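A.B. asks: here is my input; please provide its structure:
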Amino acid sequence: MIGRSLTERVVAGVAFLATVSVLAYLTATGRPARPERTCPPHLQTGLRVAAGDDISASTYRRELFDEWNARHRPRVTLIEVGETTDDERKEMISAAQAGRCAYDVLIMDVAWVPEFARNGFLQETPLTEEQRAAFVPQALRTGEVDGTQYAVPFGTNIPVLYYKSDLPYPRDLDEFLSLARRHGYAAQLDDYEGGTVNLLEAMLSGGARLMDGDRVVLDEPGDAARAEEALRRWSEMTRALLERRPGHANLQERTSMREFRRADIGYLRNWAFSFHELAADPALHTAGGALRFEVGRFPTRGVLGGFNLAIAKDSPHAEEAMELIRFLTGKEHQSRLFACGGYPPVLRAVYDEFRTRPTACEKRSEEDPRGAIGPEDLRTLAAAVHAGLQNTVTRPASPSYPVFSEVFRACVRDAVLEGPDAPPINYPAFAAALRDALDGRPADRNACAGSA
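C.D. replies: Now for the predicted structure:
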């Protein structure tokens, strides 16, 4: 059985040092020359799964691996390699570049799949047409690169809006910005990947196009003006909030949830998984046990998130790894992951189940009735996630996406946080810097500043 005693944690500092050489080693075109694989003897048996910290409010993900170990062979060791998606990527790509057979299965952010696949770090994960039809299409496409399936969805994720029960759900973007400014709003604006996602959503809320397929089109007629206007409006709201709580400029997922617990923060943008953690907090329950907050679809286009299951190229256990993937994506396990852990499901049938006959997590209800999430709560959450999936965009499918993310964030974050005090964005220069980034050429942090 693998409980916490078998969960290993990798020190992020080691991963960072290894990544310095990795970034120089990777290129945006072609696959790097790979060292000859020599798997150490102790890695010839068992499956090693690399994942980030369990983001759920329970330990159900670990328990799922316990269940596999009780019934199947080879045994699985779950290795948690980072507290943020950026840390996870550094460790996973360091191991892949070194060719040290460190992991068999990677539970990886959907944004990293193109980079790993095009650099030859993943094996194919072929699916039958029947298997493909079972998945939510938006989630399935995140594992496909150049027409080949390199990863299978494990848990999808979209932004949802949490709001205190005594406040209204906004009817449109204008009302949302007004309500957020008046009643307080928490989001993820720190200088990391979560910040990129929030800033993308702010820019796209005005109808601007950032990408058209693989092309950056932000500097085409009309798009720059729409992006500039959208960022101006979000900046006005954000700056008004920062005057009251300057620390909101550095919030991430968990710290923004902590802020939402405050009486003066009425709205929260966070991922769907946050519902379970918030609902487990007695402070967010009435004396009668009802939740003090509601959940609804995010009032603008959201960026699709989530985690995929991929088989490392160096794994000597590809067949066993694929069996594990089928186990983890089975309907029963996906349903329980959602009910008990808050992982939004990747199977169509699970959404149908929670729409027509939702069931609560019995284990959790027995352990803490005060924090129990009832069937109707899960029905509401599933409906919000399913509706939001129809209005999402994906991040650019490029092996150089990490560079793109850094350039985008460097240009846009100051514009939102500092408003008129920040240098204006030169959108033609910004678009050119993003194109360079997608080609793997880092841009200067000031590349997008200056007069348009």
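A.B. asks: which residues touch stretch 220-240?
C.D. replies: Contact with stretch 220-240 is made by 177, 180-181, 185, 189, 202-210, 217-218, 248, 412, 415-419, 425, 427-428, 452, as judged by CB atoms under 8 Å, 6 or more residues apart in numbering. Quick note: C-beta positions are derived from backbone N, CA and C, even for glycine.
A.B. asks: among those residues, which are located in helices?
C.D. replies: Here DSSP state H is the test, and those give 177, 180-181, 202-204, 412, 415-418, 427-428 as lying in helices.
A.B. asks: how close does residue 185 get to residue 117?
C.D. replies: Using CB to CB, to the nearest Å, residue 185 is found at 37 Å from residue 117.
A.B. asks: show me where the stretch 301-450 of the chain has helices.
C.D. replies: 318-328, 331-336, 348-356, 362-367, 375-389, 401-418, 427-438 (DSSP state H, counting those that start in this stretch).
A.B. asks: which one of the ones you listed lies closest to residue 164?
C.D. replies: Among those, the nearest to residue 164 by CB to CB is helix 375-389 (15.4 Å).
A.B. asks: distance from the closest one to the middle of the chain?
C.D. replies: Its chain's average C-alpha position is 18 Å from that of helix 375-389, according to CA atoms, centre = their mean, to the nearest Å.
A.B. asks: quickly list what the residue positioned nearest the centre of the chain is bridged to.
C.D. replies: The residue lying closest to the centre of the chain (CA atoms, centre = their mean) is residue 305, at 3.7 Å. With DSSP bridges as the criterion, residue 305 is bridged to residue 157.
A.B. asks: same question for residue 212.
C.D. replies: Beta-bridge partners of residue 212, counted by DSSP bridges, are residue 215.
A.B. asks: so for it, what pLDDT did the model give?
C.D. replies: Looking at residue 212, its pLDDT reads 93.
A.B. asks: equivalent analysis for residue 203, please.
C.D. replies: Value listed for residue 203 in the pLDDT field: 97.
A.B. asks: pretty sure it contacts residue 412?
C.D. replies: Yes - counting by CB atoms under 8 Å, residue 203 does reach residue 412; the two are 6.6 Å apart.
A.B. asks: contacting residues around residue 335?
C.D. replies: Shown in contact with residue 335 (CB under 8 Å, 6+ apart): 345, 350, 353, 354, 359.
A.B. asks: recalculate using a threshold of 7 Å.
C.D. replies: Residues counted as contacts of residue 335 (CB atoms under 7 Å, 6 or more residues apart in numbering) are 345, 350, 353.
A.B. asks: residue 387 too?
C.D. replies: Applying CB under 7 Å, 6+ apart to residue 387 gives the contacts residue 297.
A.B. asks: what about the helices in the stretch 51-200 of the chain?
C.D. replies: 60-71, 85-98, 113-118, 129-134, 137-141, 173-183, 193-204.
A.B. asks: residue 65 touches residue 78, doesn't it?
C.D. replies: Yes - using CB atoms under 7 Å, residue 65 is in contact with residue 78, at 5.1 Å.
A.B. asks: returning to that earlier point: out of the contacts of residue 335, who's the most crowded?
C.D. replies: Neighbour counts for these (other CB atoms under 10 Å) peak at residue 345, which has 29 neighbours.
A.B. asks: with adjacent residues omitted, what lies nearest to that residue?
C.D. replies: Using CB to CB, 6 or more residues apart in numbering and skipping the chain neighbours, the partner closest in space to residue 345 is residue 334 (4.5 Å).
A.B. asks: how many other residues sit next to that neighbour?
C.D. replies: Neighbour count of residue 334, defined by other CB under 10 Å: 23.
A.B. asks: so what's it scoring on pLDDT?
C.D. replies: pLDDT, residue 334: 96.
A.B. asks: list the contacts for it?
C.D. replies: Listed by CB under 7 Å, 6+ apart, the contact set of residue 334 reads 345, 346, 347, 350.
A.B. asks: same question for residue 157.
C.D. replies: Residue 157 makes contacts with 271, 272, 273, 305, 306, 344, as judged by CB under 7 Å, 6+ apart.
A.B. asks: pLDDT score for it?
C.D. replies: Note for residue 157: predicted pLDDT of 91.
A.B. asks: repeat for residue 371
C.D. replies: pLDDT at residue 371 comes out at 55.
A.B. asks: same check, this time on the one 10 residues further on
C.D. replies: Reading off the confidence values, residue 381 has pLDDT 95.
A.B. asks: count of neighbours near the closest residue to it other than its chain neighbours?
C.D. replies: In space, and not counting its chain neighbours, residue 381 is closest to residue 275: 5.2 Å by CB to CB, 6+ apart. By other CB under 10 Å, the residues close to residue 275 number 25.
A.B. asks: now residue 70
C.D. replies: 9.
A.B. asks: need the pLDDT of it.
C.D. replies: Residue 70 carries a pLDDT value of 97.
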